[in-house]
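Student: Take a look and give me a structure for this.
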Amino acid sequence: MRDGPNISFVAALIGNPANANMLLALIPGPALTATELANEVGLTLSTVSGHLARLGEAGLVQVSRQGRHRYYRLADPDVVALLEALLPVAERAGHRRTRTGPRDPQMRKARSCYDHMAGDLAVRMLDGFLATGIVSPDGEVTDAGRKELGTRGIDIDRLAQEKRPLCRFCLDWSERRNHLAGSLGAAIFGHFERQGWASRRAGSRIVHFSADGEAEIERWYSRG
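Tutor: I've put the predicted structure just below:
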């Protein structure tokens with residue numbers, strides 16, 4: 001046996017259907033209680049608590065207390081990147097869950113997904129990046145993309161030095177197509193917020209774009 005990290009231990013935890021469903025439920029970002037996660041996977045609270053304890057010991061989730069409640073979230077961006085990488089592999093293999101998208105039109109249009117943006121606007125932005133050659137079909141930022149994004153205030157060289165992947169495709173569960181994740185997706189979302197184009201609604205995943213902001217984001221993905 002080779003020395004080094006025991007990936008089979010972590011893989012076995014993620015491979016458990018209940019664990020996998022809870023981890024996927026936590027990708028969007030907001031922390032959830034054990035009760036909310038139990039409702040997500042259809043198991044009893046005592047069973048879910050045991051699963052969460054093992055996920056915590058493995059460093060896949062972290063827990064915080066607020067009053068008498070305990071809230072669970074994914075431990076760090078490395079866990080998010082791992083799950084995001086597994087989604088397209090499962091999709092290609094034909095293994096997918098059937099889940100209807102959000103009914104709220106605002107949620108379908110733009111919402112947060114962990115630290116990046118999801119929904120129709122996010123999917124259209126990635127489509128535009130692919131069409132104009134900013135990002136390649138295999139998920140690499142092209143030389144032309146580095147230059148173009150640099151003119152828009154996104155420092156690709158700095159982002160590439162982070163531990164997490166620079167560019168990831170994340171399957172959008174309402175649009176059934178990919179949106180942009182990774183450090184680039186997070187940086188672009190942060191840029192939109194700093195420019196005042198987008199704002200998150202308190203207590204919700206909905207992302208509201210001003211009229212000027214929506215026009216500006218369309219220029220982003222229609223220009224190459």
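Student: can we go C-alpha only for contacts and neighbour counts from here?
Tutor: Will do.
Student: Tell me the helix or strand right after the helix or strand where Val79 lies.
Tutor: Assigned by DSSP states H and E, Val79 falls within helix 77-92. Following helix 77-92 in sequence order, the next helix or strand is helix 105-109 (DSSP H and E).
Student: For this structure, which segments are assigned as strands?
Tutor: Using DSSP state E, the strands of the chain run over 32-33, 61-66, 69-74, 111-113, 116-118, 168-171, 178-181, 198-200, 207-209.
Student: any idea how this structure splits into domains?
Tutor: Domain segmentation of the chain under automatic domain parsing yields 7-75, 81-222.
Student: where in this protein is pLDDT low?
Tutor: For the chain, the stretches flagged by pLDDT under 70 are 1-2, 4, 28-29, 94-104, 173, 203, 222-224.
Student: What lies in contact with stretch 118-137?
Tutor: Residues from elsewhere that reach stretch 118-137 (Cα atoms under 8 Å, 6 or more residues apart in numbering): 107-112, 141-146, 148-149, 172, 174-175, 177-180, 217-218, 220-224.
Student: how about a cut-off of 7 Å?
Tutor: 107-112, 141-142, 144-145, 172, 174-175, 177-180, 221-222, 224 (Cα atoms under 7 Å, 6 or more residues apart in numbering).
Student: Buried only: go through those residues for me.
Tutor: 107-112, 141, 145, 172, 174-175, 177-180, 221, 224 (16 or more other Cα atoms under 10 Å).
Student: Check which helices and strands the helix holding Val79 is in contact with.
Tutor: When contacts are defined as 3 or more Cα pairs under 7 Å, 6 or more residues apart in numbering; DSSP states H and E, helix 77-92 packs onto no helix or strand at all.
Student: what's the angle between that helix and strand 69-74?
Tutor: For helix 77-92 against strand 69-74, the angle by axes from the mean of the first three to the mean of the last three Cα atoms, to 10 degrees is 60 degrees.
Student: contacts for helix 77-92?
Tutor: Contacts of helix 77-92 (Cα under 7 Å, 6+ apart): Ile27, Leu60, Arg96, Arg164, Cys170, Leu171, Gly182.
Student: Recalculate using a threshold of 10 Å.
Tutor: Identification of contacts with helix 77-92 by Cα atoms under 10 Å, 6 or more residues apart in numbering yields 14, 20, 23-24, 26-29, 59-61, 74, 93-97, 114-115, 163-171, 178, 181-183.
Student: Confirm for me that Glu216 is in contact with Arg152.
Tutor: No - the pair Glu216 / Arg152 is not scored as a contact, 11.2 Å apart, by Cα atoms under 10 Å.
Student: All good on my end, thank you.
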